[in-house]
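**Student:** The following block contains a protein sequence and its predicted model.
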Amino acid sequence: NAGVTQTPKFQVLKTGQSMTLQCAQDMNHEYMSWYRQDPGMGLRLIHYSVGAGITDQGEVPNGYNVSRSTTEDFPLRLLSAAPSQTSVYFCASSYYKGRGTKRETQYFGPGTRLLVL
Amino acid sequence: GESVGLHLPTLSVQEGDNSIINCAYSNSASDYFIWYKQESGKGPQFIIDIRSNMDKRQGQRVTVLLNKTVKHLSLQIAATQPGDSAVYFCAENTGGYQKVTFGTGTKLQVIP
């Protein structure tokens, strides 16, 4: 298994440009999420999904959109990039057994480093 | 607000010695805790977890201790190796897959 893969590894954008960060997993995990990591701060949740067709906002969703058309893929879209979105983005996945059930380990991808000028 | 934090931002340890990384949490509703290791340029990697109904859990060369009385979590690494050099995060889960708060991390430097 490749686990969680992310593309691209690095990206430079100009303010106002749009782009999609790709995330895929081959572990048949229901739960997928996007985090951003900034210096001196812990990982912060942007959006998450508990299954195909189901998405919800996390702690810092503004400026980002997501969709989940398949179990495997969970792309993150930046509609109009801003310098404040310069960060390292991580996608993660885990099994999801429903509300109130045991929480499973999250597996993280290698990250996408984004610079917005 | 509630938060997860670490006492030491950087920890230097001699190869072969034991390492102890500490974490304080303030949310009394947290019932699940995780330690992650993040090597430079890579994503976080799960090390070990512990639920609030336990005080101690052991893995391979790692032990996590939970003291709910003082809201303290620690990660012990036995016989620290150069490959253990990384940033270590603690995280707490207050319920639901999305309710995870990550600490800022402690950098562990192993001196050969």
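**Tutor:** Everything's here; your move.

**Student:** Could you use CA atoms for every contact and neighbour count after this?
**Tutor:** Fine.

**Student:** how about the strands in chain B?
**Tutor:** Assigned by DSSP state E, chain B shows strands spanning B:4-5, B:10-14, B:19-25, B:32-38, B:45-51, B:56-58, B:62-67, B:72-77, B:86-93, B:100-102, B:106-111.

**Student:** ok, the longest one: who's next to it in the sheet?
**Tutor:** Strand partners for strand B:86-93, identified by DSSP bridges, are recorded as strand B:32-38 (antiparallel), strand B:100-102 (antiparallel), strand B:106-111 (antiparallel).

**Student:** count of residues packed around residue 25?
**Tutor:** You didn't pick a chain, so chain A it is. Neighbouring residues of residue A:25 were enumerated by other Cα atoms under 10 Å in any protein chain shown; the total is 25.

**Student:** wrong one, chain B
**Tutor:** Look at residue B:25: counted by other Cα under 10 Å, it has 22 neighbours.

**Student:** Could you find the residue nearest the spatial middle of chain A?
**Tutor:** The geometric centre of chain A, computed from its C-alpha atoms, lies nearest to residue A:34 (Cα atoms, centre = their mean), at 2.4 Å.

**Student:** ok, now how distant is that one from chain B?
**Tutor:** When Cα to the nearest Cα, to the nearest Å is the yardstick, residue A:34 and chain B sit 10 Å from each other.

**Student:** and the residue nearest to that residue when sequence neighbours are not counted, how far is that from residue B:63?
**Tutor:** Nearest-residue entry for residue A:34: residue A:91, 4.6 Å, with adjacent residues in sequence omitted and distances by Cα to Cα, 6 or more residues apart in numbering or on different chains. Spatial separation of residue A:91 from residue B:63 under the definition Cα to Cα, to the nearest Å is 27 Å.

**Student:** Residue A:104: how many residues sit nearby?
**Tutor:** 14.

**Student:** which parts of chain B sit against chain A?
**Tutor:** B:41-46, B:96-98, B:101-105 (Cα under 8 Å from any Cα of the partner chain).

**Student:** can you rerun that using 7 Å?
**Tutor:** B:42-45, B:96-97, B:102-104 (Cα under 7 Å from any Cα of the partner chain).

**Student:** what two of these are the furthest from one another?
**Tutor:** B:42 and B:96 (25.7 Å; Cα to Cα).

**Student:** for chain B, what are the nearby residues on chain A?
**Tutor:** Taking Cα under 7 Å from any Cα as the measure of proximity, chain A contacts chain B at A:40-43, A:90, A:99, A:103, A:107-111.

**Student:** What subset of those is buried?
**Tutor:** Burial of those was assessed by neighbour count (16 or more other Cα atoms under 10 Å in any protein chain shown); the buried members are A:42-43, A:90, A:103, A:107-111.

**Student:** now the residues you listed in JSON lines, with secondary structure and pLDDT?
**Tutor:** Rendered in JSON lines, the data for these read as follows (DSSP: H, G, I helix; E, B strand; the rest coil; pLDDT from 0 to 100):
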{"residue": "A:42", "secondary structure": "coil", "pLDDT": "87"}
{"residue": "A:43", "secondary structure": "coil", "pLDDT": "92"}
{"residue": "A:90", "secondary structure": "strand", "pLDDT": "97"}
{"residue": "A:103", "secondary structure": "coil", "pLDDT": "69"}
{"residue": "A:107", "secondary structure": "strand", "pLDDT": "92"}
{"residue": "A:108", "secondary structure": "strand", "pLDDT": "95"}
{"residue": "A:109", "secondary structure": "coil", "pLDDT": "97"}
{"residue": "A:110", "secondary structure": "coil", "pLDDT": "96"}
{"residue": "A:111", "secondary structure": "coil", "pLDDT": "97"}
